[in-house]
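# what's the 3D shape of this:
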Amino acid sequence: MRFTSFALIAALAVPLPAFAAPTQAEVDQARLAYINGEYETSLKVFHEAAEDGNAMALNILGAAYEDGNGVDQDVTKAIDFFERAAKAGEVRGRYNLGALFAFGSGDVPADRARAKREFGLAAAAGYAPAMTALGQLRERADPPDHEAAVDWYEKAHERGDVIATANLAHAYVKGLGRPENWQRARLLYTQAAAANYPRAFNDLGVIHEQGYGVHADPITAFSFFKRGVELGYPRAGINIAELIVSARFPFSSKHAALGYCFWGLERADDTEREIFEQDCAEVEEALQPDDTVRAKARSFADSIRLRN
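Alright, predicted model coming up:
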């Protein structure tokens, strides 16, 4: 009979080294890799960190499963990871749950009550984007509650949320939830533009084009719309096309106007596409472009895309 050596018994008796979870620095580095599309390597780190309860890793895994980045899309798993992240203290996990239920995702339908609850918990923790989201829920309600929406935008604006700043400015332009105040709106849009928020440049263009609280100035409007385009805001492309047509700028051309329309349509999301198509149809009706102008317009739209 063979006996097990004492050396082997001793070796087996030595405890295996404990699993070393990724450090926060490694999770931070993996987050940058994930943003750059390096899903395979980054997700491995997140899964290991999630096993150790890392809140950031849990939240990013939720986003990965919701969007199908590096994994098969699985909204049920996404919800589980977001919930675990929220319990681990990641307020963005709570916010992401609110966003998921606000609009629905995959096979999971929208649940306004759940969205409101999740956003409310994140807002109670001082998370400004959740305050903005609560304002947007109130604004989209049937019927909308503009006053309550603006109250939330005010709170989020005070905490530095640039989307809230732009939404608050819009409320002052339209007199929704607050008395109409174009000067206040322009100040708020200027603050949002200082943070390079694309929509703010577009809306400043509208203010100067229409003369809301300022002298109507198509040249200034053009410069604001152009900056909005440079920052990738589709509506600015449609607006600058319409402005070129209406103002008859000597320094612009038919193909540029149509090119801005093409570019805006290419970047439009599903909620915008129909109205953008209508606006661009009117631009085409005014321009009556031939095939040569259309070809130049396509090249112009391509050049905008390359610059962005």
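
# where does this structure dip in pLDDT?
Applying pLDDT under 70 to the chain picks out residues 1-19, 250-252.

# list the contacts of the residue nearest to residue 163 when sequence neighbours are not counted.
When the adjacent residues along the chain are set aside, residue 163 lies closest to residue 132, with 5.2 Å between them (Cβ to Cβ, 6 or more residues apart in numbering). The way it works is simple: take the backbone N, C-alpha and C, and place the C-beta from them, glycine included. By Cβ atoms under 8 Å, 6 or more residues apart in numbering, residue 132 lies in contact with 152-153, 156, 161, 163-164, 167.

# ramachandran coordinates for residue 105?
Dihedral pair for residue 105: phi -160, psi 130, per degrees, to the nearest 10.

# quick one, what contacts it?
By Cβ under 8 Å, 6+ apart, the contact set of residue 105 is 66, 75, 78.

# the first one contacts residue 73, correct?
Just to be clear, that refers to residue 66. Yes: counting by Cβ atoms under 8 Å, residue 66 touches residue 73, with 7.2 Å between them.

# so what sits against both of those two?
With Cβ under 8 Å, 6+ apart, residue 66 and residue 73 have common neighbours residue 106.

# between those two, tell me which one has more neighbours.
A side-by-side neighbour count of residue 66 and residue 73, using other Cβ atoms under 10 Å, places residue 66 first with 22 against 15.

# helix or strand for that one, which one?
For residue 66, the host element (DSSP states H and E) is helix 55-67.

# what about stretch 96-113, start to end distance?
End-to-end distance for stretch 96-113, by Cα to Cα, to the nearest Å: 15 Å.

# and that stretch, how far out from the chain's middle?
16 Å (Cα atoms, centre = their mean, to the nearest Å).

# please apply the same query to stretch 169-180.
23 Å.

# where do the helices of the stretch 51-200 of the chain begin and end?
55-67, 75-87, 91-103, 112-124, 128-140, 146-158, 162-174, 182-194, 198-210 (DSSP state H, counting those that start in this stretch).

# reformat those helices into TSV and put distance to residue 293 next to each item.
Shown next, in TSV, are those (distance: least, Cβ to Cβ, whole Å):
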stretch	distance to residue 293
helix 55-67	39
helix 75-87	46
helix 91-103	39
helix 112-124	46
helix 128-140	40
helix 146-158	43
helix 162-174	35
helix 182-194	33
helix 198-210	24
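
# so which of those helices is nearest residue 306?
helix 198-210 (18.0 Å; Cβ to Cβ).

# how many other residues sit next to the closest residue in space to residue 188 that isn't next to it in sequence?
Sequence neighbours aside, residue 169 is the residue nearest to residue 188 in space, at 3.6 Å (criterion: Cβ to Cβ, 6+ apart). For residue 169, the count of nearby residues is 28 (other Cβ under 10 Å).

# repeat for residue 164
The number of residues packed near residue 164 is 27, by other Cβ under 10 Å.

# and it, what does it touch?
By Cβ under 8 Å, 6+ apart, the neighbours of residue 164 are 128, 131-132, 135, 152-157.

# run the last query once more with 7 Å
128, 131-132, 135, 153, 156-157 (Cβ atoms under 7 Å, 6 or more residues apart in numbering).

# where's it relative to residue 131, distance?
According to Cβ to Cβ, to the nearest Å, residue 164 stands 7 Å off from residue 131.

# shared neighbours of these two, anything?
residue 156.

# what does stretch 284-297 contact?
245, 254-255, 257-259, 262.

# in it, what counts as buried?
Under the neighbour-count criterion of 16 or more other Cβ atoms under 10 Å, stretch 284-297 has 284, 287, 289, 293-294, 296-297 buried.

# again with stretch 46-55
By neighbour count with 16+ other Cβ under 10 Å, stretch 46-55 contains the buried residues 46, 48-50, 54-55.

# need the max-distance pair from those residues.
Largest separation among the buried residues of stretch 46-55 by Cβ to Cβ: 48 and 55, giving 14.3 Å.

# contacting residues for the residue lying closest to residue 154 once chain neighbours are set aside?
Nearest non-adjacent residue to residue 154, counting by Cβ to Cβ, 6+ apart: residue 168, 6.4 Å away. Neighbour list for residue 168: 150, 153-154, 157, 188 [criterion: Cβ under 7 Å, 6+ apart].
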